[in-house]
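>>> Coordinates for the following, if possible.
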Amino acid sequence: MILSQDWDKNWDSFQHDIKQQIRDVVNTEHYSVLAEIIPHYKKGDRFLDAGSGLGRWVFHLEKMGFDSYGLDISDSALRKAREYAKRNNLSSKFIYGDLRNIPIELGFFDLITSFGPLNIFLIQ
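Residues are numbered from 1 along each chain as shown. Purely as a prediction, here's the structure:
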């Protein structure tokens, strides 16, 4: 089982630039899926990326007008994402939690995505 300490080690050693990750999000394999879904939502809708890591999807959707949240089990990733948001005057919110048991009231979010983390759980 993957523990939060394992993810903290991963993100502590991760040296990628968050700004570059946000720019590159349009070139990812998941972007086409998101591009099909987004027109069904309106600006201001609440978006959650479960397993958000450094928050590239969270920040991207905030820039599109969504009320954006990230959920992650890694304190290290959340700290880096929060620091980036603060430095860039962004209002994205980041929550500590396990995506297998999201600590949020059902129906709070209009859209929830999880690009990547669910693949890890399916493999285990």
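>>> okay, CA-based contacts and neighbour counts for the rest of this
OK.
>>> measure the spatially most central residue of the chain to Lys93 for me?
Nearest to the mean C-alpha position of the chain, counting by Cα atoms, centre = their mean, stands Ser52 at 2.5 Å. Note on Ser52: its distance to Lys93, by Cα to Cα, to the nearest Å, is 11 Å.
>>> Which residues are in contact with Thr113?
By Cα atoms under 8 Å, 6 or more residues apart in numbering, the contact set of Thr113 is 47-50.
>>> what residues are shared contacts of Ser52 and Lys93?
With Cα under 8 Å, 6+ apart, Ser52 and Lys93 have common neighbours Gly70.
>>> all helices in this structure, in order from the N-terminus.
4-13, 18-24, 31-37, 56-63, 75-87, 117-123 (DSSP state H).
>>> ranking the ones you listed by mean pLDDT, which is last?
Set side by side, these give their lowest mean pLDDT on helix 117-123, at a mean of 47.
>>> picking up where we left off before, narrow the contacts of Thr113 to those in strands?
If you go by DSSP state E, these have 47-50 in strands.
>>> Buried ones among these?
By neighbour count, with 16 or more other Cα atoms under 10 Å, those hold 47-50 as buried.
>>> contacting residues around Leu54?
Shown in contact with Leu54 (Cα under 8 Å, 6+ apart): 18, 77-78, 80-81.
>>> Kind regards, and thank you for your time.
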